[in-house]
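> fold the following for me, if possible:
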Amino acid sequence: MEANPLLTRALPAFGTAVLMELVNRAGALPVRNFQASQWDEASLVSGETLSERFVKGRGGCFGCRVRCTGWLGSERGRWRHLSTRACGPWALIVVSQIWTSLSKPTVFVASTAWTRSPPERQLRAPWSCRSTVPGRTITFGDGPRLLDLLGQMGRVEGFGAELARGSARLAEEWGHPDVAMHVKRLELPAYDPRGMAGQGLGYATSNRGACHLRGNMLGPEILGVPKLVDRFATKGKSGLLINLQHVAALFDSVGLCKFMGFGFGEEVVGRLLEAMLGEEIRSQDALQIGERVWNLERLWNLAAGFTRADDTLPSRLLQEPVAHGPAAGRVVELAPMLDEYYRARGWDGDGCPSVDKVDSLGLSEIAGKRPPGPGAWARARAA
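Here you go, the predicted model:
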């Protein structure tokens with residue numbers, strides 16, 4: 001860990017907000033519900049600015065040497081700094097207090113609130129963000145209104161009760177499902193895949209929906225860890241992503257923070273498991289643990305009725321090019337990446353693990369005992 005500057009200097013000094021300007025310069029920062037991918041005022045909520053003006057101390061998980069959590073000072077005490085890439089600058093401090101008190105995930109809150117807030121361009125006629133129904137109006141930049149709605153969401157009352165159900169349900173009920181930026185009904189985190197193609201593939205294939213913690217391409221596409229790759233390229237990303245997904249599942253299984261992945265990988269985890277279990281666990285053995293987890297989750301999803309159609313991205317990212325910045329003119333070319341990904345995993349064209357793949361991972365007995373469902377894998381195995 002001490003050999004990695006991100007773990008010893010950047011994160012302890014600035015927290016996760018240290019990535020704000022870096023991601024913004026790459027043209028991968030979601031702006032106004034993914035209508036743009038670069039923001040001229042990103043420096044207002046960068047890790048450097050927040051540390052200089054607001055952070056009064058640092059905290060972290062029990063026993064952690066990184067301590068990436070910043071405590072934001074106020075006259076009424078200190079508030080945990082959860083996320084800066086989820087809302088505008090001037091309301092950030094108050095929003096952090098509300099999020100902390102309500103224990104709401106920041107990505108969910110921000111994505112849901114702003115699903116209702118874009119200008120007319122985002123919403124298709126005849127629906128408008130300026131609803132005629134009292135209490136259901138919100139626009140970008142309206143900080144007081146945002147704070148009011150956050151309170152309503154936490155108390156599950158008024159329009160906040162509708163917002164609290166999540167962006168996907170809200171957009172569907174209002175007749176415009178395309179404005180909700182989600183995969184498998186989980187809101188997208190703070191990276192625009194039009195500026196990071198591999199990240200888009202990761203969002204689409206994550207078993208729990210859009211999630212950068214189930215295989216984050218930030219390392220190879222932005223930070224150059226373990227190596228820097230062309231972030232706009234669509235070919236050759238599957239191998240990198242699959243390895244990251246397996247490592248992520250491994251880290252989750254043993255209870256390790258994902259930040260530790262910048263300092264070490266499956267070899268060190270294997271040695272830790274050896275010390276605990278008293279048996280030899282090589283790097284490939286450790287990676288196979290992650291692969292077994294990933295395929296078991298996939299089998300569960302297939303049994304529950306998920307198909308290739310669910311391994312997708314919001315239509316905005318697939319069809320609407322970015323207008324300005326480094327990612328200008330780009331959309332996510334997902335289909336060829338998905339085909340390559342399935343082949344690399346040993347799955348068929350519908351995203352179903354082959355019988356040989358299931359057998360090789362020792363999952364046959366478990367797969368055979370799972371509850372029957374409408375999944376394609378169940379039909380293929382029966383045939």
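
> isn't E333 right next to A197, touching?
Yes. Between E333 and A197 there is a contact at 7.3 Å, judged by CB atoms under 8 Å. In this view, the C-beta of every residue, glycine as well, is placed from N, C-alpha and C.

> between those two, which one's more packed in?
Counted by other CB atoms under 10 Å, E333 and A197 do not tie: A197 has more neighbours, with 26 against 15.

> common neighbours of E333 and A197, please.
T234 (CB atoms under 8 Å, 6 or more residues apart in numbering).

> all helices of the stretch 1-150 of the chain, in order?
In the stretch 1-150 of the chain, the segments counted as helices under DSSP state H, counting those that start in this stretch are 5, 11-14, 20-25, 47-53, 92-102, 106-115, 143-155.

> swap that for the stretch 151-300 of the chain, sorry
159-163, 167-173, 197-205, 218, 238-254, 266-277, 283-303.

> so for M1, which of those sits nearest?
Checking the helices of the stretch 151-300 of the chain against M1 by CB to CB gives helix 266-277 as the closest, at 9.9 Å.

> tell me the buried residues in the closest one?
266, 269-271, 273 (16 or more other CB atoms under 10 Å).

> now stretch 159-174
Neighbour-count burial for stretch 159-174 [16+ other CB under 10 Å]: 159-160, 162-164, 166-171, 174.

> closest to L361 among those?
Closest to L361, out of all of those and judged by CB to CB, is A168, at 31.7 Å.

> need the pLDDT of the closest one.
Per-residue pLDDT puts A168 at 89.

> what's stretch 230-244 in contact with?
26, 28, 195-198, 201-202, 205, 215-217, 219-222, 229, 287, 327, 330, 333, 336-337, 340-341, 343-345.

> buried residues in that stretch, which are they?
For stretch 230-244, burial by neighbour count (16+ other CB under 10 Å) applies to 231-232, 234, 237-238, 240-244.

> same deal with stretch 143-158?
For stretch 143-158, the neighbour count (16+ other CB under 10 Å) marks 146-150, 152-154, 158 as buried.

> swap in stretch 25-41?
The neighbour-count check on stretch 25-41 (16+ other CB under 10 Å) flags 26-31, 33-39 as buried.

> same question for stretch 319-333.
Of the residues in stretch 319-333, those buried (16+ other CB under 10 Å) are 320, 322, 325-327, 330-332.

> out of these, who's nearest D310?
V332 (15.9 Å).

> any low-confidence regions in the stretch 251-383 of the chain?
The model of the stretch 251-383 of the chain has pLDDT under 70 over residues 369-383.

> how about the strands in it?
Counting by DSSP state E, counting those that start in this stretch, the stretch 251-383 of the chain has no strands to list.

> output stretch 51-64 as PDB, nothing but the C-alphas.
These are the backbone C-alpha positions of stretch 51-64, laid out as PDB (Å, rounded to 0.1, in the frame of the first residue of the first chain):
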ATOM      1  CA  SER A  51      -9.900  20.300   1.400                       C
ATOM      2  CA  GLU A  52      -8.700  23.900   1.400                       C
ATOM      3  CA  ARG A  53     -12.000  25.500   2.200                       C
ATOM      4  CA  PHE A  54     -14.200  23.000   4.100                       C
ATOM      5  CA  VAL A  55     -12.600  19.800   5.300                       C
ATOM      6  CA  LYS A  56     -11.700  20.000   9.000                       C
ATOM      7  CA  GLY A  57     -10.500  16.400   9.500                       C
ATOM      8  CA  ARG A  58     -10.200  13.000   8.000                       C
ATOM      9  CA  GLY A  59     -11.800   9.700   9.000                       C
ATOM     10  CA  GLY A  60     -12.000   6.200   7.600                       C
ATOM     11  CA  CYS A  61     -13.100   2.600   8.200                       C
ATOM     12  CA  PHE A  62     -11.900   0.800  11.300                       C
ATOM     13  CA  GLY A  63      -8.200   0.100  11.000                       C
ATOM     14  CA  CYS A  64      -7.800   1.800   7.600                       C
END
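
> quick check: mean pLDDT of it?
Rounded mean pLDDT across stretch 51-64 is 85.

> how about it: buried residues?
So, applying 16+ other CB under 10 Å, buried residues of stretch 51-64: 51, 54-55, 58.

> so how far is it off the chain centroid?
What separates the centre of stretch 51-64 from the centre of its chain is 23 Å, taken as CA atoms, centre = their mean, to the nearest Å.

> end to end, how far does stretch 201-214 reach?
Terminal residues of stretch 201-214 lie 11 Å apart, using CA to CA, to the nearest Å.

> in this structure E221 contacts G200, no?
No. At 10.3 Å, E221 and G200 do not qualify as touching, with contact defined as CB under 8 Å.

> can you tell me how far G200 is from L44?
27 Å (CB to CB, to the nearest Å).

> neighbour count: these two, which is higher?
Using other CB under 10 Å as the criterion, G200 and L44 rank with G200 on top: 29 against 16.

> so that one is in contact with R330, correct?
No. In terms of CB under 8 Å, G200 does not count as a neighbour of R330; the distance is 10.5 Å.

> overlap in contacts, the two.
Shared contacts of G200 and R330, defined by CB under 8 Å, 6+ apart, comprise R194.

> about what we covered before: spatially, which two of the buried residues of stretch 319-333 are the most separated?
Maximum pairwise distance among these (CB to CB): 16.5 Å, between E320 and P326.

> on that earlier part again, which pair of the buried residues of stretch 25-41 spans the longest distance?
Across the buried residues of stretch 25-41 (CB to CB), the longest gap, 19.1 Å, separates A26 and N33.
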